[in-house]
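> Mind looking at a prediction? Sequence and model below.
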Amino acid sequence: MIVEPGELLAAIDSPDDLKKLSEDQLVQVSQELRQFIIDSVSIYGGHFGASLGVVELTVALHYVFNTPYDQLVWDVGHQAYGHKILTGRRNQFPTNRRYGGMSGFPKRKESEYDAFGVGHSSTSIGAALGMAVASEYKNEQDRQHIAVIGDGAMTAGMAFEALNHAGVAKSNLLVILNDNCMSIDPNVGALKEYLTDITTSRTYNKVRDELWNVLGKLSKFGPNPQQIARKVEQAMKATLLKQSNLFEALNFRYFGPVDGHDVQHLTTILRDLKSIPGPKILHCVTVKGKGYALAEKDQTLWHAPGLFDKITGEIHKKTYDSPQPPKYQDVFGHTIVELAEQNEKVMGVTPAMPSGCSLNIMMKAMPDRAFDVGIAEQHAVTFSAGLATQGLVPFCNIYSSFMQRAYDQVVHDVALQNLNVVFCLDRAGFAGADGPTHHGCYDIAFMRCVPNMVVSAPMNEQELRNLMYTAQQPDMGPFSIRYPRGEGVMPKWRTPFQKITVGTGRVVREGQGVAILSFGHIGNYAVKATAALAAEGIPAGHYDMRFAKPLDEAMLADVLSRYQAIVTVEDGCLQGGFGAAVLEFMVDHGHSVPVKRLGIPDRVVEHGSQDELYKECGFDATGIANAVRELTSRVVAKASVERFAL
């Protein structure tokens with residue numbers, strides 16, 4: 001189905017085309033852009049509410065600034081659909097987040113208008129500041145640098161670190177705070193309360209509006225009206241707000257709050273801000289999902305709703321005739337509540353992803369034992385370590401790719417002190433349409449090298465429950481459990497808890513010739529592969545190792561003594577991963593058999609469905625079976641040569 005743009009939008013293939021319009025036409029352009037996003041996402045899917053909330057801001061930015069020479073950095077990228085459509089990618093938009101198509105996030109190699117690649121939050125201010133300092137060094141005094149960051153992303157330490165630096169660097173930087181009280185879930189923390197104080201202070205806003213009208217006429221009273229304006233403005237802010245302005249204290253000129261949906265007023269403000277040197281912040285108040293009533297009402301649900309009927313708002317969901325397996329995240333969410341009911345020491349922690357990881361189930365059932373700490377992965381880990389020092393057992397649930405942001409805390413604050421923090425790494429392996437910024441490729445390798453750390457992965461829902469049960473037993477230390485995005489394989493998944501002996505695997509299928517050693521959910525593809533091979537008369541064995549550290553050395557030794565070749569399979573990077581651990585064991589213990597390692601190669605793998613990416617990288621069921629066939633041929637050929645030699 002082709003989505004037709006409106007009359008004005010159809011003629012815009014670049015910001016230069018947008019600049020040909022009058023300011024009065026920007027209202028219509030904004031309406032057409034918002035409708036194009038609604039029409040497209042309802043049919044093709046993708047993130048939704050965030051981009052609707054910044055339509056007017058997007059139009060105003062590209063209308064006022066000289067992009068791509070002026071450098072515009074979007075934080076995270078969920079809000080950048082309008083930006084992509086206005087910068088020559090309207091016709092590509094149906095391929096958004098699809099295999100081989102346009103990325104769902106800004107990407108430097110995709111467009112010169114994407115000044116910085118983003119997928120993880122809170123990087124925009126630091127990146128834009130680096131660009132501003134570089135421009136200053138190169139004497140590009142006319143170049144503008146703009147970072148658009150949400151109030152949720154502003155809760156991360158990285159954002160404050162960049163603000164702190166920018167305040168003393170004094171480079172030409174404009175930070176636009178897109179304040180809608182949301183990230184994916186509702187925003188939390190003291191900063192949210194502070195911004196609410198600013199946006200709801202009727203006295204402050206009334207006096208500010210009157211003051212701006214007066215300051216606009218100051219030029220007739222002297223040659224340096226900005227100095228007068230700044231003194232009056234600072235005095236007013238300090239008097240009328242309960243606290244001094246946080247941003248002013250960091251040497252930023254603060255402007256706002258302003259209506260982020262008044263495109264003409266935004267255009268005027270942005271044009272004025274271009275002439276003010278140094279670091280400045282424009283506080284825009286917006287509504288996530290603006291222009292689509294259901295998205296405004298339930299902003300978490302409509303962050304990325306999937307396909308839906310734009311008229312009725314019905315979200316299309318598959319229907320099944322029989323019970324289906326749950327998502328791994330929901331198994332985690334329900335299981336941690338069960339464990340907490342049995343063990344009063346169990347606590348839950350997540351950095352701003354309670355619905356994404358399903359900790360919201362515990363937050364509802366036990367609000368005093370489950371914590372959303374904001375977009376602050378480093379803090380989440382150290383906060384968990386603090387809980388653990390007091391004898392509690394925190395389950396710290398962080399997406400695998402986000403855990404990369406807290407690696408020092410894992411090592412320094414948890415592992416070195418041998419604290420029982422349970423890291424539940426959701427979205428491990430390929431994350432699907434979110435692409436390389438969200439793929440959880442590296443956690444096996446970076447967790448495996450950390451002292452005291454247990455590195456585990458369940459092959460199904462029952463194994464996830466049992467690993468979680470095991471991890472909170474007495475005398476455990478740091479414990480990592482990784483599992484993928486999406487559904488498991490067991491419709492009847494609520495099984496009784498069983499303690500697993502750490503460092504033990506299990507036999508899935510006995511065989512001969514070639515053995516498959518799998519780690520995690522990807523083992524279910526090995527099950528399909530061995531079934532297909534058995535039908536061909538190739539009796540491959542299959543072993544679910546469960547632990548990459550410590551390895552089941554007894555099982556490995558037995559397998560290596562009985563099979564002539566090995567295939568290792570993991571949904572993680574090959575460098576330093578599970579297969580590498582098997583090779584290390586073989587070298588250390590004098591084993592020598594052919595080994596084929598299957599996993600994520602040493603390159604950036606783009607977005608697509610998980611099955612598409614498994615196939616591309618050669619470890620779907622067909623790829624696993626082909627690897628066994630190849631090794632079987634080598635084993636048979638070697639045996640023939642040896643018999644001939646005899």
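Received the coordinates, thanks.

> And residue 420, how far from residue 394?
8 Å (C-beta to C-beta, to the nearest Å). (Glycine included, C-beta is placed from N, CA and C.)

> between these two, which one's more packed in?
The neighbour count for residue 420 versus residue 394, taken as other C-beta atoms under 10 Å, is higher for residue 394 (27 against 24).

> That one contacts residue 380, correct?
No: here residue 394 does not reach residue 380: they are 9.2 Å apart, not a contact under C-beta atoms under 8 Å.

> Give the residues shared as contacts by those two.
Shared contacts of residue 394 and residue 380, defined by C-beta atoms under 8 Å, 6 or more residues apart in numbering, are found at residue 349.

> So for the residue lying closest to residue 8 once chain neighbours are set aside, what pLDDT did the model give?
In this structure, residue 8 finds its nearest non-sequential neighbour in residue 29, 5.0 Å apart by C-beta to C-beta, 6 or more residues apart in numbering. If you check residue 29, the pLDDT there is 97.

> Now residue 29: phi and psi?
In terms of degrees, to the nearest 10, the main-chain angles of residue 29 are phi -60, psi -40.

> Now do the contacts for it.
Here residue 29 is in contact with 8-9, 12, 18, 21, 59 (criterion: C-beta under 8 Å, 6+ apart).

> Among those residues, which are located in helices?
Members of the contacts of residue 29 lying in helices (criterion: DSSP state H): 18, 59.

> gap between residue 610 and residue 571?
The value you get for residue 610 to residue 571, if C-beta to C-beta is used, is 9 Å.

> Neighbour count for the two, which is higher?
Using other C-beta under 10 Å as the criterion, residue 610 and residue 571 rank with residue 571 on top: 32 against 19.

> wait, doesn't that one sit right on residue 605?
No: counting by C-beta under 8 Å, residue 571 stays clear of residue 605, with 11.2 Å between them.

> Now the common contact residues for those two.
Common neighbours of residue 571 and residue 605 (C-beta under 8 Å, 6+ apart) are residue 430.

> low-scoring pLDDT stretches of the protein, where are they?
For the chain, applying pLDDT under 70 flags the ranges 182-244, 639-646.

> Which strand in it has the most residues?
strand 565-573 (DSSP state E).

> what helix or strand does the residue nearest to residue 49 when sequence neighbours are not counted sit in?
Leaving aside its chain neighbours, residue 49 sits nearest to residue 289 (3.7 Å; criterion: C-beta to C-beta, 6+ apart). Using DSSP states H and E, residue 289 maps to neither a helix nor a strand.

> Quickly note the distance from residue 289 to residue 439.
27 Å.

> Neighbour count: those two, which is higher?
Neighbour totals were compared for residue 289 and residue 439, and residue 439 leads with 27 against 24 (other C-beta under 10 Å).

> residue contacts, the more buried one?
401, 429-431, 600, 605.

> which one of the residues you listed is nearest residue 560?
Within these, the smallest distance to residue 560 is 24.5 Å, found for residue 600 (C-beta to C-beta).

> Surely that closest one and residue 572 touch.
Yes: contact criterion C-beta under 8 Å: residue 600 and residue 572 qualify, at 6.0 Å.

> quick revisit: pairing partners for the longest strand of the chain, with directions?
Here strand 565-573 is paired, per DSSP bridges, with strand 514-519 (parallel), strand 595-600 (parallel).

> Alpha carbons only: can I get the first one in PDB?
Output of strand 514-519 as PDB, limited to C-alpha atoms (Å, rounded to 0.1, in the frame of the first residue of the first chain):
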ATOM      1  CA  VAL A 514      29.200 -34.600  15.300                       C
ATOM      2  CA  ALA A 515      28.000 -33.000  18.500                       C
ATOM      3  CA  ILE A 516      26.200 -29.600  18.700                       C
ATOM      4  CA  LEU A 517      27.000 -27.500  21.800                       C
ATOM      5  CA  SER A 518      24.400 -24.700  22.100                       C
ATOM      6  CA  PHE A 519      24.200 -21.800  24.600                       C
END
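
> helices and strands around the next helix or strand after it, which ones?
As assigned by DSSP H and E, the chain's next helix or strand after strand 514-519 is helix 523-535. If you count contacts as 3 or more C-beta pairs under 8 Å, 6 or more residues apart in numbering; DSSP states H and E, helix 523-535 packs onto strand 506-509, strand 514-519, strand 541-544, strand 565-573, helix 621-645.

> So which of the ones you listed is nearest residue 343?
For those, the distance to residue 343 is smallest for strand 506-509, at 25.1 Å, taking C-beta to C-beta.

> Show me what that closest one is packed up against.
Secondary elements touching strand 506-509 (3+ C-beta pairs under 8 Å, 6+ apart): helix 523-535, strand 541-544.

> How far off centre is the last one?
So that's strand 541-544. How far strand 541-544 lies from its chain's middle: 32 Å, per C-alpha atoms, centre = their mean, to the nearest Å.

> Now do the helices in the stretch 101-250 of the chain.
Under the criterion DSSP state H, counting those that start in this stretch, the stretch 101-250 of the chain carries helices at the ranges 124-137, 157-169, 190-200, 202-215, 225-240, 246-249.

> Deepest-packed of the helices and strands packed on strand 506-509, please.
Mean neighbour count (mean count of other C-beta atoms under 10 Å) peaks for strand 541-544 among those, with a mean of 24.

> Quick check: neighbours of that strand in the sheet, parallel or antiparallel?
For strand 541-544, using DSSP bridges, the partner strands are strand 506-509 (antiparallel), strand 514-519 (parallel).

> Tell me what angle the last one forms with helix 621-645.
Orientation check (axes from the mean of the first three to the mean of the last three C-alpha atoms, to 10 degrees): strand 514-519 against helix 621-645 gives 140 degrees.

> angle of strand 514-519 against helix 523-535?
Using the same axes, to 10 degrees: strand 514-519 against helix 523-535 is 170 degrees.

> List the contacts of strand 514-519.
444, 457, 459, 508, 526, 529-530, 538, 540-546, 548, 556, 559, 562-570, 572, 578, 582, 624, 628, 631-632, 635.

> now do 7 Å
Defining contact as C-beta atoms under 7 Å, 6 or more residues apart in numbering, one finds that strand 514-519 is touched by 457, 526, 530, 540-545, 548, 559, 563, 565-570, 578, 582, 624, 628, 631-632, 635.

> try the first one
Surrounding strand 506-509, the residues in contact under the criterion C-beta under 7 Å, 6+ apart are 523, 527, 530, 541-544, 546.

> Swap in 8 Å and give it another go.
459, 518, 523, 526-527, 530, 540-544, 546, 555.

> export those to a markdown table and tack on distance to residue 178?
Shown next, in a markdown table, are the contacts of strand 506-509 (distance: C-beta to C-beta, whole Å):
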| residue | distance to residue 178 |
| --- | --- |
| 459 | 42 |
| 518 | 44 |
| 523 | 43 |
| 526 | 45 |
| 527 | 46 |
| 530 | 51 |
| 540 | 54 |
| 541 | 55 |
| 542 | 50 |
| 543 | 50 |
| 544 | 46 |
| 546 | 44 |
| 555 | 53 |
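
> Dump the longest strand of the chain to PDB, keeping only the CA atoms.
Coordinates of each C-alpha in strand 565-573 appear next as PDB, following Å, rounded to 0.1, in the frame of the first residue of the first chain:
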ATOM      1  CA  ALA A 565      33.700 -33.100  15.500                       C
ATOM      2  CA  ILE A 566      32.000 -30.200  17.400                       C
ATOM      3  CA  VAL A 567      29.700 -27.400  16.300                       C
ATOM      4  CA  THR A 568      29.200 -24.500  18.800                       C
ATOM      5  CA  VAL A 569      26.200 -22.300  18.500                       C
ATOM      6  CA  GLU A 570      25.500 -18.900  20.200                       C
ATOM      7  CA  ASP A 571      23.500 -15.800  19.600                       C
ATOM      8  CA  GLY A 572      26.500 -13.700  20.500                       C
ATOM      9  CA  CYS A 573      29.900 -12.500  19.200                       C
END
